[in-house]
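Undergrad: Build the 3D model from these lines:
(2 chains)
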Amino acid sequence: MHDFVKRLTSYAATAALLLSAATATLAADVDFAGKRIEIIISSAEGGGADTYARFVAAALEKELPGKPTILARNMTGGGGLISANWFEANAKPDGLIIYSAASSSKLSPLFGDPGNVHFNPNAWIPVVTSPNGYVVEGSRIAGSDSIKALLAAGDKPQTIGLASVLGASTMVLLAFDMLGVNIKPAFNVPGGDAQLSFERGEFTLNSDSAGSFFRLNGKNVEDGKVAPLFSFGTRGKNGMIGRDPSLPDVPSFPEVYKEVHGKDPSGPAWDAWVGLFDIISTNSKTIMLPTGTPDDVVQVYRAAAERALTNPELVKSEQYKNILGETPQLFGEAAKQGADLAAKGLNQDSVKWLREWHKTKFQVAI
Amino acid sequence: MEVISIIGSTFINLLTTDTLLFLILGVLVGTVIGILPALGTTAGMALLVPFVYGMEPYHALAMMTGLLAVVSTGDTVTSILMGIPGAASSQATIVDGFPMAKKGEAGRALSAAYFSSMIGGVFGAFILTAFLLVARPVVLAFGMGEQLMLALLGLSLVSILSGNSLLKGLIACGLGMTFGMVGSAPASGEFRMQFGGSTYLTDGLPLGVVALAIFAFPEIINLLRRGSSITEQPIVKGGWAQGVRDVMDNFWLTIRCSAIGCLIGALPIGGSGWLAYGHTVQSSKDKSQFGKGDVRGVIGPEAANNADTGGSLIPTLIFGIPGGGSAAIFLGGLLLIGFTPGPRMLAENLDVTYTIIWCVAIANIFGAGICFLLSGHIAKLTAIPFSYLAPFMLTIIMFGAYNSTRDWGDLIALFSLGVIAIYLKRFGYSRPAFLIGFVLQNVVESLLYRILQVYSLESFFSRPIIWVLIGIVVFSLVIGLRSKTKVETEGMAHEASATQIMPQVAFLALIMGFLVYSVVDVQNLVFLAKVLPIATSVMALTLCTLGMVILLRRNPQSAFFHDGELGWKESDEGYEASPFHYVWWMMGFLLATYLVGFLIAIALFYFAFMRIKAKAAWWSIALMAGCTLLVLSIISYVFLVDFPTGILQDFVWMPWPFGR
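TA: The predicted structure is shown next:
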């Protein structure tokens, strides 16, 4: 039944498209009344990416024409590969299956085994992109609560628990390496475990997304137990990476670099860092429509997403602050521009450089 | 004082407003989801989230907490009645719960389970209330080293769960650990033991699939072979009252196991049910009935797994960090309805925190009450002739396994591990030891790796709690090794064991072959990613070699000899078919799924099996198959589960739910 309806819609959509092409002036009516839309989520129920997708889906539901039901389908495994492959293979360009793409879907075509990657994330059509800020912090008990203290520690390595090998973790390590801090990571430590070990003083450093930073360490910062060292920063209107608007008092990484080395960052390490930044931070999470979705469906989705996520009542809510934070959302064309940055950001040279650097520095391949 | 008044006022608020109705609604949904096999907290929360969104926040809060608190009460049903683990938390319950059901004591086992669950759950809430504001230093005191010691304590339980042969228990544990290493290595993310490299195994074997394969698969085969109902004896009347008395007689055991559940729940280790089971056995004077249906073996783990839910809320509420999978989903739900659990909420919104705790306590009482009322009726299921129940149970384990990652790999893994489990059982290799090895391997390896990155030898051993825990581990080992009676979970061996050794030798040789494969496979990985797999495999290989020597010397006195299948025709179990007869049936089912898809294969299986084995009337088969398909379709629609399609669907378009 389900499938039958889907088929009918796609026929209807095609017919409508032909009609609109023929008459040119008559826009096809996109209406999702009575439909079930699926949002594919690449991670398990309960994590940050899952909460994000469900939050956006619930807001979107009310704004899409015909008020459809949006159901979440979590497809875990393969570091996001399984869901991305499934989306590419199964989503028809009718707006009935959408994908909450994490940055891993952009990283795996660059770093993953090509035999397992059967999708092209750069051909998907972004509806809304949610950038995400990241913060790195030190603690008082470990004596790691300022960059100065870290540099003074010399050869004594700083320790940190990182959620994965490739991802924001890589950027944290690269940033410390560029600053000249000796760091010894433990990989594949779930965020919660890393935070608790950090509070115990087992790990001397910790990194968080901006949202969880406020939730988990906001009070610790007030109590003087924890100090933010730097944020990754945010791309401003001028295209430069400046301070994260949600953390106006925390210097961004480029600022800290300039303070330590007396000049702006440059060179292959910096190119790689910025390339990763646009994939991981600027395009942290994106709601995607499949390749080839007709323009009218795209426009309807983009308009609905913008209405949904700029609703003043929602923006004021605790949920919005916790889940989307204060970094501006990228709608429509801005989302497209953001996606283009990510698509171009990391070239083959940088990928090669990162691989070699990571292997020599930490004996672990990415 | 202010705190006490908040505790009081939140309780009164909860009882006197319509919030209570939403709590009860959550409890009802949670109980049903819990009882339904293969659906757990994840499914329940996924079902609630669309509704809670936009609801009055306290109503949503009560509903979600109610659901969270009772799922582990409901999932006991299939564990006890059918030997099918409903969720990770109720695995240990099977060891004694299922034998009780076979003895006709299902009612007693269920009521003991629910009553101890209730006590455990309320105890968990009580601990939360009493210690919430001072628990922070306790959680922080259990660092990586302390957690490692607790995991080792779990592994030490193998010494009492090995049955007659400790050697075999250790081999089973080593084998379980080796299977646990499939997937990416904590130290480097490199993939291990991919068996030719499909994406299915990159995240390792799902625990749900392994537990079903190891426990449920061989039991179902054996039940089929016996061809009778689950109970071998008439159902004992008035079991429910006895169950309550059992818990009251073992009140302090219940409390101690609740405390264990609470502590383990608060730490990211897992396996609280097993630790509680181990404690129950170790602290009991008469150990002879464990594994054969001792009610204490049900009480301990059940008290622990409901207390575990309360415990897992400790880090959630204090630090904003979920203590486990279901707490993570709960946390996500809280964020969606606009609460921000963590240090700030604890400091500024204590009423929210205590509302959650009260909801846990009240939900446990309601949940246990509902299950309790049902238990007498549910227990009657065990008297249904098995050939009627079998297709249904098979559907459950297939669906349960498939629901783990919703990949064909789930079904293949279930089947392959299930066949291994049949032999583990046949030759007396403790399956609980296998599962404990599987569960704790990842914990031990991750913690060891982190400790190596962070601690020096000196700083590690300067932590006093580590020494205390080392003492407890040693103590537990000594008790386990010295105790004369061991928990025998794999049944009795047969006389001919010592003379016909070829099957045993062949199986052991296969285990050794697998262990050698695991060593060869990890050769090229970085040091930290291969050191533990190699160490484990080499140790297990040494033990296997020792076992092989014993076997080949044909010393009939050795406990290492064990073959439960020689002479199965004459055995008092009353088997009517050879061990492999029904494995072929299941193989047929898999093949049919491959050809025509899951749902059509189920229908075909019902007709073939019930016609041939049960000689059932056509209409009754049609009715049962129809009902099963209806339930599965509803689940498919509500929870967005697509069932595996077959080759047929590639060529012929079929309407939902048969095709995609």
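Undergrad: Could you check how many residues crowd around residue 44?
TA: Here I'm looking at chain A. 18 (other CB atoms under 10 Å in any protein chain shown). To be clear about C-beta, it is placed using only N, CA and C from the backbone, and glycine gets the same treatment.
Undergrad: think we crossed wires, I meant chain B
TA: 27.
Undergrad: Might one say that it is in contact with residue B:67?
TA: Yes: Residue B:44 is within contact range of residue B:67, at 4.9 Å (criterion: CB atoms under 8 Å).
Undergrad: Residues of the stretch 151-300 of chain B that sit close to chain A?
TA: B:184, B:186, B:187, B:188, B:189, B:190, B:199, B:200, B:202, B:203, B:268 (CB under 8 Å from any CB of the partner chain).
Undergrad: Spatially nearest residue to the fifth one, not counting backbone neighbours?
TA: The reference is to residue B:189. residue A:165 (4.2 Å; CB to CB, 6 or more residues apart in numbering or on different chains).
Undergrad: Just the element for that neighbour, please.
TA: Residue A:165 is part of no helix or strand when elements are defined by DSSP states H and E.
Undergrad: returning to what we had before: anything in contact with each of residue B:44 and residue B:67?
TA: Shared contacts of residue B:44 and residue B:67 (CB atoms under 8 Å, 6 or more residues apart in numbering or on different chains): B:29, B:30, B:33.
Undergrad: What residues does the first one make contact with?
TA: With contacts defined as CB under 8 Å, 6+ apart, residue B:29 is in contact with B:44, B:47, B:48, B:63, B:66, B:67.
Undergrad: In contact with residue B:450, which residues are there?
TA: A:161, A:186, A:189, A:197, A:202, B:144 are the contacts of residue B:450 under CB under 8 Å, 6+ apart.
Undergrad: do you know how far the residue nearest to residue B:189 is from residue A:347?
TA: Distance, residue A:165 to residue A:347, by CB to CB, to the nearest Å: 21 Å.
Undergrad: neighbour-wise, which of those two wins?
TA: Between residue A:165 and residue A:347, counted using other CB under 10 Å, the more crowded position is residue A:165 (23 against 13).
Undergrad: So what does that one have for phi and psi?
TA: Backbone torsions of residue A:165, given as degrees, to the nearest 10, read phi -90, psi -40.
Undergrad: Show the pLDDT at it.
TA: With respect to pLDDT, residue A:165 scores 92.
Undergrad: now do the one 10 residues further on
TA: Predicted confidence (pLDDT) for residue A:175: 97.
Undergrad: now it, nearest residue through space, not along the chain?
TA: In space, residue A:175 is closest to residue A:253, 5.2 Å off (CB to CB, 6+ apart).
Undergrad: Wait, residue A:292 touches residue A:91, no?
TA: No: with contact defined as CB under 8 Å, residue A:292 does not count as touching residue A:91 (9.8 Å).
Undergrad: re earlier: need the contacts of residue B:450 in JSON lines with distance to residue A:279, pLDDT and neighbour count, can you?
TA: Shown next, in JSON lines, are the contacts of residue B:450 (distance: CB to CB, whole Å; pLDDT from 0 to 100; neighbours: other CB atoms under 10 Å in any protein chain shown):
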{"residue": "A:161", "distance to residue A:279": "22", "pLDDT": "97", "neighbour count": "27"}
{"residue": "A:186", "distance to residue A:279": "24", "pLDDT": "96", "neighbour count": "25"}
{"residue": "A:189", "distance to residue A:279": "22", "pLDDT": "94", "neighbour count": "25"}
{"residue": "A:197", "distance to residue A:279": "28", "pLDDT": "95", "neighbour count": "24"}
{"residue": "A:202", "distance to residue A:279": "30", "pLDDT": "95", "neighbour count": "24"}
{"residue": "B:144", "distance to residue A:279": "32", "pLDDT": "95", "neighbour count": "29"}
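Undergrad: okay if I get those as JSON lines plus distance to residue A:272 and secondary structure?
TA: JSON lines is the format used below for the contacts of residue B:450 (distance: CB to CB, whole Å; DSSP: H, G, I helix; E, B strand; the rest coil):
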{"residue": "A:161", "distance to residue A:272": "23", "secondary structure": "strand"}
{"residue": "A:186", "distance to residue A:272": "22", "secondary structure": "strand"}
{"residue": "A:189", "distance to residue A:272": "23", "secondary structure": "coil"}
{"residue": "A:197", "distance to residue A:272": "28", "secondary structure": "helix"}
{"residue": "A:202", "distance to residue A:272": "29", "secondary structure": "coil"}
{"residue": "B:144", "distance to residue A:272": "31", "secondary structure": "helix"}
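Undergrad: nearest to residue A:118, of the residues you listed?
TA: Nearest to residue A:118 among those, counting by CB to CB, is residue A:189 at 30.3 Å.
Undergrad: show me what contacts the residue nearest to the closest one when sequence neighbours are not counted?
TA: Once flanking residues are discounted, residue A:189 sits nearest to residue A:161: 3.4 Å by CB to CB, 6+ apart. Contact analysis of residue A:161 by CB under 8 Å, 6+ apart lists A:185, A:186, A:189, A:193, A:194, A:197, A:198, A:203, A:206, B:450.
Undergrad: and what of residue A:336?
TA: Applying CB under 8 Å, 6+ apart to residue A:336 gives the contacts residue A:126.
Undergrad: Look up how far chain B lies from it.
TA: Using CB to the nearest CB, to the nearest Å, we find residue A:336 at a distance of 28 Å from chain B.
Undergrad: Over to residue A:317?
TA: Taken as CB to the nearest CB, the span from residue A:317 to chain B is 6 Å.
Undergrad: My read is that that residue contacts residue B:337, right?
TA: No: the pair residue A:317 / residue B:337 is not scored as a contact, 10.1 Å apart, by CB under 8 Å.
Undergrad: Have a look at the two and say which one is more surrounded.
TA: The neighbour count for residue A:317 versus residue B:337, taken as other CB under 10 Å, is higher for residue B:337 (21 against 13).
Undergrad: The more buried one contacts residue B:55, correct?
TA: Yes: counting by CB under 8 Å, residue B:55 is a contact partner of residue B:337 at 7.2 Å.
Undergrad: Could you list the single helix or strand in chain B with the lowest mean pLDDT?
TA: Sorting the helices and strands of chain B by mean pLDDT, DSSP states H and E puts helix B:41-52 at the bottom, at a mean of 79.
Undergrad: when you scan it, is anything in it near chain A?
TA: Yes: between helix B:41-52 and chain A, judged by CB under 8 Å from any CB, the touching residues are B:42, B:45, B:46, B:49, B:50.
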